[in-house]
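J.: Let's see this in three dimensions:
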Amino acid sequence: MPWQRYAMTDADEVHAYLRTAFADVNVVLSKLGSEGAKLRGMGAMLGDVALHGLRYPARIRLEGVPYGLVNIIHVRDGWFSVADRSEVHRVAPGHVALLPAEQMLELEGEAVESFMVGLPTALVDEVARSRPGGHCGRVRFAGTRPASAGLERHWLGTLAYVRQVVLADVELATNPLIIGQVRHMLATAALAVFPSTVSVPAPRGPGVVSPSVVRRAMDHVEAHSDRYVSLAELAAAAGVSARGLQYAFRRYQDTTPTRYARRVRLDRAHQDLRNGDPAAGDTVTAIAARWGFMDPKRFATDYRAAYGQPPSHTLRS
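T.: Down below sits the predicted model:
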């Protein structure tokens, strides 16, 4: 089978593995998890493209300038952030981030469960040159975030196809023609999803709406995530009309302001459910109310849609 499964308990061994997976960055273990420094994972290779599924309970920080690999990480659970020269990107469970090559990065995480794809920079450059009009020179990615929520879903869909179809069938996963096709498909998806020097400009809507408008509204949501915030309140915090804020969120986040705010509160409740203790009196209803969800039935429905299981199951486990 294409997957190789492994477990490591020695911190030095874990650090050496992570340095290889993230292309030779420095690793600092700052806090042991409930299982010490134990790392569980699985890995597969499709030609020169590496795929890794990892679960690591410790708190860890990585820093350095990775060379030769563009890594794209899908955070499935836990806490994870990546900082480049311009911003700190806190990646919520269910979302993805790109770790560009040849840039100083600082990564930090705790109890992270993730799935990562490592694309050689030579492959990314090759695919960029094969596009109509071609692209000369090295591809440079601009930041760590997907260009939009819709494109982020495209990456996750591409990844699901590779995992659930190609890597689930040893005949497909070892066929040289299919391996070549999948390598190019992943590199093409990366170029489409993440802004770079070869990105296709998005069509402009009426008027000009700065991304800072969305950032101000998102900051307001983060500061008031323990309660419901209305569209009017968010628009006032962002300094635009309600209609302008809706347009800005559609353009830059592919969602609505209120839907984004609800998902932030849902993520906070998810973390509390994971850390909760029923024996200490924690209940789903109390945790939901703590984050502004006053209708337990609707909360349970939204939670199941987002995380694939009822909130009571997360709390018990």
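J.: Let me see the backbone angles for residue 105.
T.: Phi and psi for residue 105, reported as degrees, to the nearest 10, are phi -130, psi 150.
J.: In contact with it, which residues are there?
T.: If you count contacts by Cβ atoms under 8 Å, 6 or more residues apart in numbering, residue 105 has them with 25, 62, 63, 64, 65, 66, 82, 83, 84, 99. In this view, the C-beta of every residue, glycine as well, is placed from N, C-alpha and C.
J.: Let's see that with 7 Å instead.
T.: Neighbour list for residue 105: 63, 64, 66, 82, 83, 84, 99 [criterion: Cβ atoms under 7 Å, 6 or more residues apart in numbering].
J.: Just the element for residue 117, please.
T.: Assigning secondary structure by DSSP states H and E places residue 117 in strand 105-120.
J.: any chance of the contacts of residue 105 in CSV, with distance to residue 3 too?
T.: Listed next are the contacts of residue 105 as CSV, based on distance: Cβ to Cβ, whole Å:
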residue, distance to residue 3
63, 30
64, 28
66, 24
82, 26
83, 31
84, 31
99, 22
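J.: Please narrow the residues you listed to those residing in strands.
T.: Using DSSP state E to define strands, the subset of the contacts of residue 105 located there is 63, 64, 82, 83, 99.
J.: Thought residue 97 was touching the third one, still the case?
T.: Yes: taking Cβ atoms under 7 Å as the contact criterion, residue 82 and residue 97 are neighbours in contact, 5.2 Å apart.
J.: any shared contact partners between the two?
T.: Listed as contacting both residue 82 and residue 97 by Cβ under 7 Å, 6+ apart are 89, 91, 144.
J.: Now do the phi/psi pair for the first one.
T.: Pointing back at residue 89 there. phi -110, psi 110.
J.: Show me how far the one helix or strand residue 313 maps to is from its chain's centre.
T.: Using DSSP H and E, residue 313 maps to helix 311-316. Taking Cα atoms, centre = their mean, to the nearest Å, one finds helix 311-316 lying 23 Å from the centre of the chain it belongs to.
J.: Turn the contacts of residue 105 into CSV, including neighbour count, distance to residue 148 and pLDDT.
T.: Output for those, formatted as CSV (neighbours: other Cβ atoms under 10 Å; distance: Cβ to Cβ, whole Å; pLDDT from 0 to 100):
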residue, neighbour count, distance to residue 148, pLDDT
63, 14, 29, 81
64, 16, 29, 77
66, 24, 25, 76
82, 25, 18, 90
83, 16, 22, 87
84, 18, 19, 79
99, 23, 19, 90
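J.: Pull out the buried members of the shared contacts of residue 82 and residue 97.
T.: Neighbour-count burial (16 or more other Cβ atoms under 10 Å) applied to the shared contacts of residue 82 and residue 97 gives 89, 91, 144.
J.: Good, we can wrap up now.
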